[in-house]
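S.K.: prediction below, plus the sequence it came from.
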Amino acid sequence: MSTQKPIQLEILQSLPTQRNYGPLDHWDGHARITGPCGDTMEYWLQIAEGRILRANFTTTGCESSRAAGSMAAELAVGRSLPEAARLGQQDVLQALGGLPKESEHCALLAANTLKAAVGDYQARQPADPQRGECSGVS
């Protein structure tokens, strides 16, 4: 069994800072989740016309957590909100080329936090009067 890490992970880990690491000054959706392992991940999203324009993150976790957070952010950019919300652990793992077994939970934390940031944006939107409650007219 090989102990080499996937090349994508090595590349992400060698970067001093990812371009999507750190909070956004102006954001439309935000979420922070602390996973069972104790790592905390946070996302900030900029959204226009139902698509994610920018996705930035931070994490208190290890290199695998940072790689997963960065990859989930990259995967989200350009997607519609429903598409981004459907991104899951396996999508992140596949895009990374895998993570060490003991670090696969980092991809789950990234996907869950991204989904929560999409949900935060949606919760901040005013109710659509076309889908609202009945006006009381029968």
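M.R.: Great, that's in hand. Numbering: from 1, shown residues only.

S.K.: where does this protein dip in pLDDT?
M.R.: Residue ranges of the chain with pLDDT under 70: 1-18, 128-138.

S.K.: residue nearest the centroid of this structure?
M.R.: Taking Cα atoms, centre = their mean, the centroid of the chain lies closest to Leu114, which sits 2.9 Å from it.

S.K.: CA atoms of the lengthiest helix in the chain as CSV?
M.R.: For the chain, the helix with the greatest residue count under DSSP state H is helix 105-124. What follows is helix 105-124, C-alpha atoms only, in CSV (Å, rounded to 0.1, in the frame of the first residue of the first chain):
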residue,chain,number,x,y,z
HIS,A,105,-13.9,13.7,7.6
CYS,A,106,-12.3,17.1,6.6
ALA,A,107,-14.1,16.8,3.3
LEU,A,108,-17.4,16.2,5.1
LEU,A,109,-16.8,19.3,7.3
ALA,A,110,-16.1,21.4,4.2
ALA,A,111,-19.2,20.2,2.3
ASN,A,112,-21.4,20.7,5.3
THR,A,113,-20.1,24.2,6.1
LEU,A,114,-20.5,25.2,2.4
LYS,A,115,-24.1,23.9,2.4
ALA,A,116,-24.8,25.9,5.6
ALA,A,117,-23.4,29.1,4.1
VAL,A,118,-25.8,28.6,1.1
GLY,A,119,-28.6,28.1,3.6
ASP,A,120,-27.6,31.2,5.4
TYR,A,121,-27.9,33.2,2.2
GLN,A,122,-31.2,31.7,1.4
ALA,A,123,-32.6,32.5,4.9
ARG,A,124,-31.5,36.2,4.5
